[in-house]
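>>> Build me a structure from this.
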Amino acid sequence: MPSIEKNDLNSVVSCLTLLLLVFSFATSFAASPSSPSSAPVEKGQLVDGIVASVNNEIVTRSDLARAKAKFEKNVVVDDLLLFGRTPADIAKDQKLLLEYLIDETLVDSEIKRLNLAVTIERVEQELRDIARRNNMSRADLTQAIKTQGSSISEYQDYLKMRLERQNLIVQEVTSKIRVTEDDILGAYTRKYPKQDTGSFEYTLAHIQFNHKKGGPEGAKARAEKALERMKAGESFEALAEQITEDASYSPGGVLGSFKVGEMTKDFEKAVAPLSPGETSGLVNGKASFHILKVLTKKLISDPFYEKQKEALRNQLFDETFQKHFKTWIEQKKEEAFIRINLT
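Next comes the predicted model:
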């Protein structure tokens, strides 16, 4: 028989362990006084007690006992409600255990209030999806669940709970979370402060003034006069055609495309603050002066940055989700009537 994927199998095993534990506890508690395995309850003996009231719901001592056993045996728990705590931490602290159950009660109450319950048909669809992902038939999946000592109906109950909580979280929390490109860039810069996110590629045009014609001073004077003419309203392209001293002049003075690192430091410094369509002041070249114009400016992302983006996006989403969900839970607590009787 084909095997179930690890995640699905762990879910099956863990869920069934929890459900069997709950079933065992409930059976022993509900046994009749005449049963050979149960002792009669003496008059006045405390069988159970309410440790918390959450609106119209209650949390009992037996609920605490079942939850404690669940955490101690490390069977499946909803990590959505752990908030950074480990199951072992919660199992050892009765107050943390009760807080978890109160949170769980609030979540499930909201599912009822918002009418987010899922149908058996939706659960069946999820079972078919699980079987398909594992290349199994429905019969094979049922048999695999039975092999773990449980029934398909118990696993259906677990899936129903997970799907309903998923519906609630999508509607109330995740649909309101936005992770922007600026958020990702900021996280990247904090994590890799010495790593560049990328570099620019410029397409440049220039007007050149050669030192060979009247020396550096003469070239500088001609360049400054050209700048004055541009300030007076003459176009860069017209001046390039009329007065450039570039022996390999191209129409408009187009010089070519260059990435950062492929130009001289003076050129890079001059064009860095410019946007497409803007021109520089006087720029010193090796044997000439230049007036530069940025025709295009394109960001070329660093390959390392591109590889990290998705992981950073997921990390930021998880962090933001935890904060939003914690805030949502606290808000529901403020709105709810909660009375704790734990001693």
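
>>> Alpha carbons of stretch 277-296, in CSV - could you do that?
Provided in CSV are the C-alpha atoms of stretch 277-296 (Å, rounded to 0.1, in the frame of the first residue of the first chain):
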residue,chain,number,x,y,z
GLY,A,277,15.9,63.0,-18.4
GLU,A,278,18.1,65.0,-16.1
THR,A,279,21.6,66.3,-16.9
SER,A,280,24.8,66.7,-14.8
GLY,A,281,27.0,69.6,-14.2
LEU,A,282,30.6,69.6,-15.4
VAL,A,283,32.2,66.1,-15.1
ASN,A,284,36.0,65.6,-15.4
GLY,A,285,37.1,62.8,-17.6
LYS,A,286,40.6,61.4,-18.3
ALA,A,287,41.4,63.9,-21.1
SER,A,288,38.2,65.8,-21.4
PHE,A,289,35.2,67.4,-19.7
HIS,A,290,31.7,66.1,-20.1
ILE,A,291,28.1,67.0,-19.6
LEU,A,292,26.1,63.8,-19.0
LYS,A,293,22.4,63.1,-19.5
VAL,A,294,20.7,60.0,-18.0
LEU,A,295,18.4,58.5,-20.7
THR,A,296,17.4,55.4,-18.7
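
>>> Mind listing what's buried along stretch 253-261?
For stretch 253-261, burial by neighbour count (16 or more other C-beta atoms under 10 Å) applies to 253-255, 258. Yep, even glycine has a C-beta here, placed from its N, CA and C like the rest.

>>> which one of those is nearest N55?
Using C-beta to C-beta, F258 is the member of these that lies nearest N55, at 67.2 Å.

>>> ok but that closest one is inside a strand, no?
Yes. Secondary structure assignment places F258 in a strand (DSSP: H, G, I helix; E, B strand; the rest coil).

>>> Let me know the pLDDT of the residue lying closest to it once chain neighbours are set aside.
What sits nearest to F258 in space, not counting adjacent residues and going by C-beta to C-beta, 6 or more residues apart in numbering, is Y202, at 5.6 Å. Looking at Y202, its pLDDT stands at 95.

>>> what's near enough to touch Y202?
257-259, 263, 271, 294-298 (C-beta atoms under 8 Å, 6 or more residues apart in numbering).

>>> Now intersect these with the strands, please.
257-259, 294-298 (DSSP state E).

>>> okay if I get those residues as CSV plus pLDDT and distance to A187?
Below are the ones in strands among the contacts of Y202 laid out as CSV (pLDDT from 0 to 100; distance: C-beta to C-beta, whole Å):
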residue, pLDDT, distance to A187
S257, 95, 31
F258, 94, 30
K259, 90, 25
V294, 96, 30
L295, 96, 33
T296, 95, 29
K297, 92, 25
K298, 89, 24
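
>>> Output these as CSV; include the columns distance to I90.
Converted to CSV, these look like this (distance: C-beta to C-beta, whole Å):
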residue, distance to I90
S257, 60
F258, 60
K259, 55
V294, 60
L295, 63
T296, 58
K297, 55
K298, 53
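
>>> Mind picking the two most distant members of the residues you listed?
K259 and L295 (14.6 Å).

>>> For the lengthiest helix in the chain, which helices and strands make contact with it?
Longest helix in the chain, counting residues (DSSP state H): helix 303-335. The helices and strands touching helix 303-335, judged by 3 or more C-beta pairs under 8 Å, 6 or more residues apart in numbering; DSSP states H and E, are helix 94-113, helix 181-191.
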